[in-house]
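K.L.:
Structure of the sequence below:
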Amino acid sequence: MEDYGYVVNVDGAVVRDGEYLFVERGADESHAAGSLAFPGGKLERPPGGEETIERAVERELAEEVGVEVGSVEYVCSRTFEADDGTPCLNVVTLCEHVGGEAHRGAPEEVAAVRWLTPASLAERDRAPDYLRRDVERIERFRESRTA
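P.N.:
Numbers count the residues shown, from 1 in each chain. This is a model prediction of the structure:
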């Protein structure tokens, strides 16, 4: 049987006052350099332990943008191939903002931090189509919770 495997990547969609927290990926990033994205990163296995999706999202948001989150809810997932050919599973989560003012906590990974409405995102040239689709899914998820 062939070996199967994916790098697991997590995205944390933080919404505050109708705006989403995005990062512009650093110019030296190995995948999608310079593009707009949700903050996030790879699920890691610390020595002698394990990391859940929720914990990975919390860690990445704290490291990359200095934001603390409460609840972390699964919204959707998709697979993609990184620029170097690595197969990846991307898990998108909706996160409750509980503290911290967003800033570039990891300057080598994050060129800029932006709060944008879905309409503002749609107008941006550097917003990948998959990011627009993810925001649409999150908006539907949020609406279904209030219905």
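K.L.:
Next, the buried residues of the longest helix along the chain.
P.N.:
Ranked by residue count and defined by DSSP state H, the top helix of the chain is helix 129-146. Using 16 or more other Cβ atoms under 10 Å as the test for burial, helix 129-146 gives 131, 134-135, 137-138, 141. For glycine as for every other residue, the C-beta is placed from the backbone atoms N, C-alpha and C.
K.L.:
which secondary structure elements does the helix or strand harbouring A56 contact?
P.N.:
If you go by DSSP states H and E, A56 is part of helix 53-65. In terms of contacts (3 or more Cβ pairs under 8 Å, 6 or more residues apart in numbering; DSSP states H and E), helix 53-65 is packed against strand 7-16, strand 19-25, strand 40-42, strand 68-81, strand 87-99, strand 110-116.
K.L.:
just for the chain, where's the confidence low?
P.N.:
Judged by pLDDT under 70, the chain has its weakly predicted residues at 1-4, 27-33.
K.L.:
returning to that earlier point: the helix holding A56 to strand 19-25, inter-axis angle?
P.N.:
Per axes from the mean of the first three to the mean of the last three Cα atoms, to 10 degrees, the angle that helix 53-65 makes with strand 19-25 is 70 degrees.
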